[in-house]
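Chemist: predicted model and sequence below, questions to follow.
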Amino acid sequence: GGAAEPPPKLVLDLERLATVPAEKAGPLQRYAATIQSQRGDYNGKVLSIRQDDLRTLAVIYDQSPSVLTEQLIGWGVLDADARRAVASHDD
Ligand code: C2E
Ligand code: C2E
Ligand code: C2E
C-alpha cells in the first residue's frame, strides 16, 4: 500500500473463532472474551483489538507476531489484510 494509507485494523472474526477447537484457540478465545467483558461489548460478530494485544498473544503462543498472524489467517479468524498490520513492526 501507499505511504498515506493507515495501517489496517486487527479485526477478529468471533464466529469463526468459536468454531476453532479449544486446544488450539483456547488462549485467544479467553483473551477475546476478556476484552469483550472489559468493554461491555458482547454482541459483536467481530472484535477490533490493539496491535499490542497481538504482541501479547504472540508471547502466549510462543510465536512471532507474524507467524501467529499467519495461523489466525489460516483459521479464518483474521483477514489476510492483517499481514500489513504486523509487517511494519516485525523487523
Ligand atoms: P483504558 O485502556 O484505560 O481505556 C479507557 C477508555 O479509553 C476505553 O474504555 C475506551 O473508551 C478508550 N480507549 C482506549 N484506547 C482506545 C482505542 O485504541 N480505541 C478506542 N476506540 N478507544 C480507546 P473501554 O473501551 O470501556 O475499556 C475499558 C478498559 O478495558 C480499558 O481501559 C482497558 O484497560 C481494557 N480494554 C478494553 N479493550 C481493550 C483491548 O482491546 N485491549 C486491551 N489490552 N485492553 C482493553
Ligand atoms: P469499522 O472500524 O470499519 O467497523 C465496521 C463495523 O465492524 C462496525 O460498525 C461494527 O459493526 C463492527 N466492529 C468493528 N470492530 C468492532 C468491535 O470491536 N466490536 C464490535 N461489537 N463491533 C465491531 P459500526 O459500529 O457501525 O461502526 C462504523 C464505523 O464507525 C467503524 O468502522 C469506525 O470507522 C467508526 N467507529 C465505531 N466505533 C469506533 C470506535 O470506538 N473508535 C473509532 N476510532 N472508530 C469507531
Ligand atoms: P481505533 O479506535 O480506530 O484506534 C486506532 C489507534 O489509535 C489505536 O490503535 C491506538 O494506537 C490509537 N488510539 C485510539 N484511541 C486511543 C486512546 O484512547 N489512547 C491511546 N493511547 N491510543 C488510542 P490500537 O491500539 O492498535 O487499537 C486498534 C483498535 O482496537 C481501535 O481502533 C479500536 O477499534 C480497538 N480498541 C483498542 N483498544 C480499545 C479500548 O480500550 N476500547 C475499545 N472500545 N476499543 C479499543
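Modeler: On my side now, so go ahead. What you see is a predicted model; the values in this text were computed from it and never measured. Ligands and ions are numbered 1, 2, ... in the order given.
Chemist: any idea of the mean pLDDT for whichever strand or helix holds residue 48?
Modeler: Counting by DSSP states H and E, the element that carries residue 48 is strand 46-49. Across strand 46-49, the average pLDDT comes to 98.
Chemist: could you look up the SS state of whichever residue of the chain sits closest to ligand 2?
Modeler: Nearest to ligand 2, among the residues of the chain, is residue 44, at 2.3 Å (CB to the nearest ligand atom). Using the backbone N, CA and C atoms, a C-beta is placed for each residue, glycine as well. Under DSSP: H, G, I helix; E, B strand; the rest coil, residue 44 falls in the coil class.
Chemist: can the next helix or strand after the strand holding residue 48 be said to contact ligand 2?
Modeler: Using DSSP H and E, the helix or strand that follows strand 46-49 in sequence is helix 51-60. No: applying CB under 6 Å from any ligand atom, one finds helix 51-60 out of contact with ligand 2, separated by at least 11.4 Å.
Chemist: helix 51-60 close to ligand 1?
Modeler: Yes: using CB under 6 Å from any ligand atom, helix 51-60 reaches ligand 1 at residue 53.
Chemist: other residues contacting stretch 10-22?
Modeler: Residues outside stretch 10-22 that contact it (CB atoms under 8 Å, 6 or more residues apart in numbering) are 25, 28-29, 32, 44-51, 53-54, 72, 75-79, 82, 85.
Chemist: all set, thanks.
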